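Trainee: From the sequence below, what's the structure:
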Amino acid sequence: MQRFAVLPAGCGLLLALLLGSAAAQDAPAAIKRAVELPPSADLVYELQARQRGFSLKGEAVITWRAGDGKYSVKAESRVPLLGTITEDRSSGAVDAYGLAPLEFVEKRMRKDPTTATFDREARSLRFNEGNKVYPLKGGEQDRVSITWQLASVARAAGDKFKAGSEWPFFVAGRRDAETWVFKVVKREKVRTGLGEVDAVLVSRQPVSDKKDQALDVWLAPQHEWYPVKLRYADGEKEQIEQTLSTVTKR
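Mentor: Presented below is the predicted three-dimensional model:
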């Protein structure tokens, strides 16, 4: 089990869905929080998706690994006949801010993959699409790592991770980055393959009139704070909901 102590707040923040342009835009000031990474595991989910007006059912698999100062996450969504519809990967180190991505790759069905590179030596965040560049200040995440950073923060936060509390991060996406603010909404029961599970609902707060990349995560305190349910909405064209079927610790 990896654990890091709380340190005083410094400069630079977390979530990066990618902002900036050729001239880098500043990310918010960084926030250092205690983190406790969940144990490595393979998680299989029942998947329901809507893409371009079609309703799909299938399976999602998340492979989470953490240890020796490193982490990796691979998330795949598959449906019969069509095969893999999404494939995302995030990998990097673990530092005083928690997960510290080095590379984030996002692949959608019938589209070329996009890559965000976190250059720790140059202290910059860049994308293979477009010319946006952001300074790295500490705590930046990507669209895959953020769920596991949330779980890591929740595991260490204890009673501070309560309804009404808000947790900002700087998050990288396909070609830019921005601050995401997550709000702890409530505790509720979620039906899963493990039975009925007590879970904490955490939702990304809307940003003005933007509708892309909505994210709801249900974390289960009695199951290592693993995400037992996730709901993604990428604009109005794509929505994916996945509910945990099985989890195998590694």
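Trainee: The residue most central in space within the chain in helix, strand or coil?
Mentor: In the chain, the residue lying closest to the centroid (CA atoms, centre = their mean) is I146, at 2.6 Å. Classification of I146 using DSSP: H, G, I helix; E, B strand; the rest coil returns helix.
Trainee: That one contacts V171, correct?
Mentor: Yes - the pair I146 / V171 is scored as a contact, 5.4 Å apart, by CB atoms under 8 Å. The way it works is simple: take the backbone N, C-alpha and C, and place the C-beta from them, glycine included.
Trainee: name the element the residue of the chain positioned farthest from its centre belongs to?
Mentor: Distance to the chain centre peaks in the chain at L81, reaching 27.7 Å (criterion: CA atoms, centre = their mean). Using DSSP states H and E, L81 sits within no helix or strand.
Trainee: Next, it: phi, psi?
Mentor: Main-chain torsions, L81, degrees, to the nearest 10: phi 70, psi -50.
Trainee: Need the pLDDT of it.
Mentor: On pLDDT, L81 comes in at 85.
Trainee: Show me what T243 bridges to in the sheet.
Mentor: E46, K229 (DSSP bridges).
Trainee: Now for it, how many residues are close by?
Mentor: T243 has 19 neighbouring residues, counting by other CB atoms under 10 Å.
Trainee: Isn't it up against L194?
Mentor: No - using CB under 8 Å, T243 is not in contact with L194; the gap is 10.1 Å.
Trainee: list the residues that contact both of the two?
Mentor: Taking CB atoms under 8 Å, 6 or more residues apart in numbering as the criterion, T243 and L194 both touch V228.
Trainee: residues contacting F118?
Mentor: Neighbours of F118 in contact, by CB under 8 Å, 6+ apart: G92, A100, P101, L102, E103, F104, L125, L136, E140, A172.
Trainee: And what about A156, helix, strand or coil?
Mentor: helix.
Trainee: Next one, pLDDT for it please.
Mentor: On the pLDDT scale, A156 gets 97.
Trainee: That one touches P38, doesn't it?
Mentor: No - the pair A156 / P38 is not scored as a contact, 10.9 Å apart, by CB under 8 Å.
Trainee: in this structure, which spans are helices?
Mentor: Along the chain, counting by DSSP state H, helices occupy 145-157.
Trainee: Any buried residues in the lengthiest strand in it, and which?
Mentor: Longest strand in the chain, counting residues (DSSP state E): strand 177-192. Neighbour counts using 16 or more other CB atoms under 10 Å place A177, E178, T179, W180, F182, V184, V190, T192 of strand 177-192 among the buried residues.
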